[in-house]
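Trainee: Got a sequence here, can you model it:
(chains A and B)
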Protein chains: 2
Amino acid sequence: MTQIQEARAGRTTPAVERVAQREGRTPQVVREAVAAGRVVIPANRHHLDAAYGGAGQGRLDPIGIGRLLRTKVNANLGTSPDASCKEEERIKMDLAIRYGADAVMDLSTGGDLDAIRTHLIEHASVPLGTVPIYEMHQHKPIEELSPREMLAVLEKQARQGVDFFTIHCGILREHLPLAAQRLAGIVSRGGSLLAAWMDRHQKQNPLYEHFDEICEIMRAHDVAFSLGDGLRPGALADASDEAQFAELRTIGELTRRAHEMGCQVMVEGPGHVPFDQIEQNMRLEEELCDGAPFYVLGPIVTDIGAGYDHIASAIGGTAAAYYGASFLCYVTPTEHLGLPGPEDVREGVIAHRIAAHAADIARGLPGARDRDDAMSRARTNFDWKRQLELALDPTRARRIRASSHPDEDYCSMCGREWCAVRRSRDVLARRRAQGRTEESEASPRPSGDA
Amino acid sequence: MTQIQEARAGRTTPAVERVAQREGRTPQVVREAVAAGRVVIPANRHHLDAAYGGAGQGRLDPIGIGRLLRTKVNANLGTSPDASCKEEERIKMDLAIRYGADAVMDLSTGGDLDAIRTHLIEHASVPLGTVPIYEMHQHKPIEELSPREMLAVLEKQARQGVDFFTIHCGILREHLPLAAQRLAGIVSRGGSLLAAWMDRHQKQNPLYEHFDEICEIMRAHDVAFSLGDGLRPGALADASDEAQFAELRTIGELTRRAHEMGCQVMVEGPGHVPFDQIEQNMRLEEELCDGAPFYVLGPIVTDIGAGYDHIASAIGGTAAAYYGASFLCYVTPTEHLGLPGPEDVREGVIAHRIAAHAADIARGLPGARDRDDAMSRARTNFDWKRQLELALDPTRARRIRASSHPDEDYCSMCGREWCAVRRSRDVLARRRAQGRTEESEASPRPSGDA
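Mentor: Residues are numbered from 1 along each chain as shown, chains lettered A, B, ... in the order given. Got it, this is the predicted structure:
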């Protein structure tokens, strides 16, 4: 049985227990959210079994994704036909996890995809997702594939232990004329492959037509759906258009069918979206998809940030996570320009950790601000050791500080003489003492043990 | 006469004309906003005269700051006692301007402050601001200064051509007990210096007491006020507290007095603010300060971003500029750790240009999205030359692209075979052609010159 089926049956799985423990929630509240489809625990039983006493090398530590819980961050990895080395992807994966990625996706399109995928799954302590249509298309051109061959790839990857699949079941033939009106057309690789298939065969999207069979595969291994948005806007000009929302309505229907079939579902979202349209996008997904966790790519809030799109994406991601998204797919500084290297992975992960964390504080998640308060206390106390420990990226924080001034007591921003905190500390301490004196004069207390 | 006085008298100054031209507005609408105090043109007459045919080397190209116009970005420069070299600051200033800073502030606290300041003003094509209390305190400890000596520094810097002064006139004695309750106390250097002065002398803030005389100096040279927030929160825990808002109310009063005295006024804002409190902060300033342009430092939306605070600040800055701020002071990756070097200046400027631009698009400023649309068009057409030109930082975009794949036609993110845009282009073109055929069959047109 899948996590959602177990939860509906009122059974608390070890994965639900672990998620509850990690988030400081009761298992019951997590289980209820899983049952309602509002929290997803992407945990393929093969990846998970290995962790819970199985014989494999897998060691998945389950996470929950949903509004009840902390906002999660995904890091995309993967080879291209130009650069494919499984060790390199492993390095990127470990780096992503080290800097706070809650999940990774293997988007490889070059080299021995099975070898890369199984290597990563074996070493992934976080859920690992894929976009199986990439493997389908690597075997032979997508237009020549039968639905049967497509399902076989899903089945194989499910057996390998992939925790969630991006599948573009929601892009339909009737949506293509809508996309034809756009400035940037179709920018999703999966979406474009399915559009090409539909165009060649003059038939409906095979992953839509065979959705029930797909659900059966997903359910058998408890692979979570990540219903892909093949028509996500690839330009601000195309955001919130009819093509995007028509597909989202279809995804809403599919979400309900998958839930009925006992599958876990996340929904993927944009993309390129102006800052003021983010709230509307989040609310619409919640409404159309029954609160299934929204997994957004950015959104980036300008089209001209090439080289800094991780920042444009962290801006949109914060608003998205504040208004409704549960899962942020990172964007790296190389977006729109090239494949990310290890340093780009780190930049991308940290930028989106900031976004996720800022949103969690803003939406008042219990305890979300604790680390910030500890940091501010350490700053006020000039406790540099603690400050550097508490930084999201202690390595970088240490390096910047070391390069400027290694004195234990202050930083080179102001220097000792110009430090506002130092200067005002005594003044404010006197005010506090004065306040206490006035207070005790006003209402004297019996003993001085305050 | 100052810009606001000229505007009230119905006269369109060359500076108003230039601002209108740069922003694609009519001079009249800009002039009316200047008259109302809703747009500020920081343009010291000495810095400006040089530009408009004066004898000096100054070459200020005036900008306007206010909700009517594009959101502006400021870059802080300046020496410290540990590192003071005017050439280095000049390099940083030129870099900041090159990457899109609309204004700079010289916050020097080390070396020959007059020499550094005049050197920068002479070469600044953008407005240059200072925090004159830094120079006051460099001469002798702030506590030993008389109000007279403070005013003399303002007068001197005004004559040197500084375009706007941060002056912390709004922090009052009665606010200090409020700040004493805080987690992080006072983090503004100016605020802490004035708190120390008030504490020593047991008197009111001398810059509040002598506000009318300060207005006279500002008016004589048309230096714009940037009313400093000496009690800006330095931790999320302190955001939107009574200390912050008590000072803001005082600043509101001072704004009205300065307007009455014919001075231009901007108001400074936080700081460290949770994402969900930004809107409230912006609305409150507008209400309390009669729509005087709000100049915010970030705000950063988490306390734990050390090393990446430019990103935390770009997130808060976007929301701030969307909801009400007109002027974003950048934060660099070295914030809380050390002084920024040239590379940090560049990172900080670009991050905040993204924020300002994203907000301008979101609030529907006419033409704000034009460059984004041109970029998306260039992407769709695989026009790499144009794409790289249109990027906010063409140098970095070119370097990333060159390091991955120099082929003219595609990028290494997907490679040729996996490019969604290429794949869907023909499919969508056929749909468009089909659409046109159906349309013409439905309502045949006389000639084929569509």
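
Trainee: buried ones in stretch A:66-86?
Mentor: For stretch A:66-86, burial by neighbour count (16 or more other Cβ atoms under 10 Å in any protein chain shown) applies to A:66-84, A:86. C-beta: built from backbone N, CA, C; applies to glycine.

Trainee: What about A:Cys329? Give its phi and psi, please.
Mentor: phi -80, psi 130 (degrees, to the nearest 10).

Trainee: List the residues that contact it.
Mentor: The contact partners of A:Cys329, by Cβ atoms under 8 Å, 6 or more residues apart in numbering or on different chains, come to A:Val73, A:Asn74, A:Asn76, A:Met105, A:Tyr295, A:Val296, A:Leu297, A:Gly298.

Trainee: Looking at the residues you listed, point me to the pair that's furthest apart.
Mentor: Spanning the widest gap among those are A:Met105 and A:Gly298, at 14.7 Å by Cβ to Cβ.

Trainee: Alpha carbons of the helix of greatest length in chain A, in PDB - could you do that?
Mentor: Longest helix in chain A, counting residues (DSSP state H): helix A:420-442. Taking C-alpha atoms only, helix A:420-442 is exported to PDB below (Å, rounded to 0.1, in the frame of the first residue of the first chain):
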ATOM      1  CA  ALA A 420      26.800  50.400  16.600                       C
ATOM      2  CA  VAL A 421      26.000  47.400  18.700                       C
ATOM      3  CA  ARG A 422      29.000  47.900  20.900                       C
ATOM      4  CA  ARG A 423      28.400  51.600  21.300                       C
ATOM      5  CA  SER A 424      24.700  51.300  22.100                       C
ATOM      6  CA  ARG A 425      25.000  48.300  24.400                       C
ATOM      7  CA  ASP A 426      26.000  50.300  27.500                       C
ATOM      8  CA  VAL A 427      23.600  53.100  26.800                       C
ATOM      9  CA  LEU A 428      20.700  50.600  26.500                       C
ATOM     10  CA  ALA A 429      21.900  48.600  29.500                       C
ATOM     11  CA  ARG A 430      21.700  51.800  31.600                       C
ATOM     12  CA  ARG A 431      18.200  52.400  30.300                       C
ATOM     13  CA  ARG A 432      17.200  48.900  31.300                       C
ATOM     14  CA  ALA A 433      18.700  49.300  34.700                       C
ATOM     15  CA  GLN A 434      17.000  52.700  35.100                       C
ATOM     16  CA  GLY A 435      13.700  51.100  34.000                       C
ATOM     17  CA  ARG A 436      14.100  48.400  36.700                       C
ATOM     18  CA  THR A 437      14.900  51.000  39.300                       C
ATOM     19  CA  GLU A 438      11.900  53.100  38.400                       C
ATOM     20  CA  GLU A 439       9.800  50.000  38.400                       C
ATOM     21  CA  SER A 440      11.000  48.800  41.800                       C
ATOM     22  CA  GLU A 441      10.500  52.300  43.200                       C
ATOM     23  CA  ALA A 442       7.000  52.300  41.900                       C
END
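
Trainee: So for stretch A:22-37, what gets flagged as buried?
Mentor: A:Glu23, A:Arg25, A:Pro27, A:Val30, A:Arg31, A:Glu32, A:Ala33, A:Val34, A:Ala35, A:Ala36, A:Gly37.

Trainee: Got phi/psi on the closest residue to A:Pro340 other than its chain neighbours?
Mentor: The shortest distance from A:Pro340 to any residue other than its chain neighbours is 4.0 Å, reached at A:Thr332 (Cβ to Cβ, 6 or more residues apart in numbering or on different chains). A:Thr332 adopts backbone torsions of phi -110, psi 170, taken as degrees, to the nearest 10.

Trainee: Could you do A:Val73 as well?
Mentor: The phi and psi values for A:Val73, taken as degrees, to the nearest 10, are phi -120, psi 130.

Trainee: And for A:Ala224?
Mentor: Torsion angles, degrees, to the nearest 10, at A:Ala224: phi -80, psi 140.

Trainee: Was I right to think it contacts A:Val39?
Mentor: No: applying Cβ atoms under 8 Å, one finds A:Ala224 not in contact with A:Val39, separated by 10.9 Å.

Trainee: Of these two, give the one with the bigger neighbour count.
Mentor: A:Val39 (31 against 26; other Cβ atoms under 10 Å in any protein chain shown).

Trainee: Helices of the stretch 101-250 of chain A, start to end?
Mentor: A:113-123, A:133-139, A:147-160, A:176-180, A:189-201, A:206-209, A:211-221, A:242-260 (DSSP state H, counting those that start in this stretch).

Trainee: Which residues does stretch A:198-212 contact?
Mentor: Identification of contacts with stretch A:198-212 by Cβ under 8 Å, 6+ apart yields A:143, A:147, A:150-151, A:167-173, A:176, A:194, A:197, A:214, A:250, A:254, A:257-258, A:261, B:427, B:430.

Trainee: mean pLDDT lowest for which of the helices of the stretch 101-250 of chain A?
Mentor: Among the helices of the stretch 101-250 of chain A, helix A:133-139 carries the lowest mean pLDDT, at a mean of 91.

Trainee: Counting neighbours, which bits of it end up buried?
Mentor: For helix A:133-139, by 16+ other Cβ under 10 Å, it's A:Ile133, A:Tyr134, A:Glu135, A:Met136, A:His137, A:Gln138.

Trainee: I appreciate the help and will end here.
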